[in-house]
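Novice: pasted the sequence and its predicted model underneath.
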Amino acid sequence: MATEKEYFKGISKIPYLPSAGPHDVMCFKQYNAEEVLLGRKMEDWLRFSVCYWHTFCGIGADPFGSQTLHRPWNQGTPMESARNRLNAAFEFFNKLGVKYYTFHDRDMAPEGSTLEESNRNLDQLTDLALQLQAQTGVQVLWVTCNLFAHPRYMNGAATNPDSHVLAYAGAQLKKGLDVAKKLGAENFVFWGGREGFYSLLNTDVAAELKHMANFFKMAVRYKEKIGLKCQFLIEPKPKEPCKHQYDYDAMSVIGFLKHYGLDDHFKLNIEPNHTTLAGHSYEHDIVMASAFGMLGSVDSNTGSPDLGWDTDQFPMDTKNTTLVMKAIIEQGGLQPGGLNFDAKVRRESTDLEDLFIAHIGAMDAFARGLRNAVRLTEDGLLPGMVKERYSSFAQGLGQRVEEGTATLEDMEAYIKQNGEPKVTSGKQEKYESIFNQYI
Ligand code: XUL
Ligand code: CO
């Protein structure tokens, strides 16, 4: 690969060494890209992706302290840094053995003082990205527009009370969709960071939701006009930065999409740390989105269950990864989506190699989750127990409820004939005990 400089010196391609000891954290022990499970290669079940904003733009600053992460690619003018960063990123993807990456328009290229200048910056950087993609085979899992960081968006982008701001967001989105087409992105994500409110006293929620739906409709029309073949995804999050965000969780977004007739054009990008912020269990929104055929992709990270904010940690808990992979297997895979590590090393993890250790650990956690979920599926014990639990809907009156042909009069006649139903144990502990034997 023709990079001008090696950024991750002393680190070569990460190998699969299943018998390596616990001390060796620079190899995969579970993730074997080419190994076939349930008729598909591991890399195709998992479709791992590295995110640009945390891994290459993150500097470890937080509201209480300044930069702790000093990256060698952040040198020179903003455009020089952006080029270095892109070269470093592709070196990282290759050494890690990951085939996809994700980025916001403004992490790839710095924002200029006009829309035209921002677009020119993006043109230059995406020319280089295209070249690096062709050299390495690494592809864009998804691209997104940053419609939340610039001060103009402080009161929202698509839900801003000022149509001038909405117009800026639309102009930025138009370029973002052109970039998605240029780089062959497989998906395009909308995360509404400022689409919500802090006070209902100054907010017309009905107007804002309608404007947001119309903004999405413009995106659908432009996508069709330019022949962009990618899946649109909305990423739910309940709060942070807004006190209340409209895309609260999977079910709110599904309801919104159906209400405005957008559900054929969008699926969901579920981030478990957002799901837990909404007060649900880790896998809840993955399962809910999947149940409605709306699970498009996963921002694979985790929070701390004992904290109330988005810590974007690398997912290391194999119980969680098993539950996620079980849902993904049940829906037949995630393609064209993938498992994108929207996760950041801690600001105290200051070595460059920590970026590798974090990704390798998370990839192994997901590979192990996949192996567990495959055994669970192949054994068929738990799925069989669930099927049996609902077996009364397979014939007679239950079947007619299932098909939607039963009436309340039928219910009354049935009860008069059959009387009180018998009490049946839910057996939760039995399910939990069996599940534990697979992780
Ligand atoms: C914010 C978040 C974003 C989106 C893309 O919590 O998850 O990084 O994934 O804008
Ligand atoms: Co995310």
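Specialist: Yes, it's here. Keep in mind that what you see is a predicted model, and the values were worked out from it rather than measured. Ligands and ions are numbered 1, 2, ... in the order given.
Novice: stretch 143-161 vs ligand 2: in contact?
Specialist: No - under the criterion of Cβ under 5 Å from the ion, ligand 2 is not reached by stretch 143-161; the shortest gap measures 8.9 Å. (C-beta placed from N, C-alpha, C; glycine too.)
Novice: measure that stretch end to end?
Specialist: Stretch 143-161 has its terminal residues 26 Å apart, counting by Cα to Cα, to the nearest Å.
Novice: what residues does it touch?
Specialist: 102-107, 111, 162, 165-166, 168-169, 172-173, 176, 179-180, 183, 185, 188-196, 204, 208-209, 211-212, 215-216, 241, 246 (Cβ atoms under 8 Å, 6 or more residues apart in numbering).
Novice: among those residues, which are located in strands?
Specialist: Of the contacts of stretch 143-161, the ones assigned to strands by DSSP state E are 102, 103, 104, 188, 189, 190, 196.
Novice: which pair in those spans the largest distance?
Specialist: Farthest-apart pair in those is 103 and 196; separation 23.7 Å (Cβ to Cβ).
Novice: more neighbours: the two, which one.
Specialist: Neighbours were counted for residue 103 and for residue 196 using other Cβ atoms under 10 Å; residue 103 has more, 28 against 23.
Novice: from residue 212, how far out is that one?
Specialist: Counting by Cβ to Cβ, to the nearest Å, the gap from residue 103 to residue 212 is 23 Å.
Novice: do residue 288 as well
Specialist: Applying Cβ to Cβ to residue 288 and residue 212 gives a distance of 21 Å.
Novice: what do you get for residue 437?
Specialist: Look at residue 437 and residue 212: by Cβ to Cβ, they are 46 Å apart.
Novice: look at the two and report which has more neighbours.
Specialist: The neighbour count for residue 437 versus residue 212, taken as other Cβ under 10 Å, is higher for residue 212 (22 against 12).
Novice: ok and the residue in the protein nearest ligand 1?
Specialist: Nearest residue of the chain to ligand 1 (Cβ to the nearest ligand atom) works out as residue 191 at 3.6 Å.
Novice: do you know how far that residue is from residue 359?
Specialist: 21 Å.
Novice: now whatever residue of the stretch 1-150 of the chain ends up closest to ligand 2. Its backbone dihedrals?
Specialist: Closest contact between the stretch 1-150 of the chain and ligand 2, by Cβ to the ion, is at residue 51 (7.7 Å). With angles defined as degrees, to the nearest 10, residue 51 sits at phi -90, psi 140.
Novice: 39 is where my numbering starts, stick with that
Specialist: In the new numbering, first residue 39, that becomes residue 89.
Novice: alright, calling it a day.
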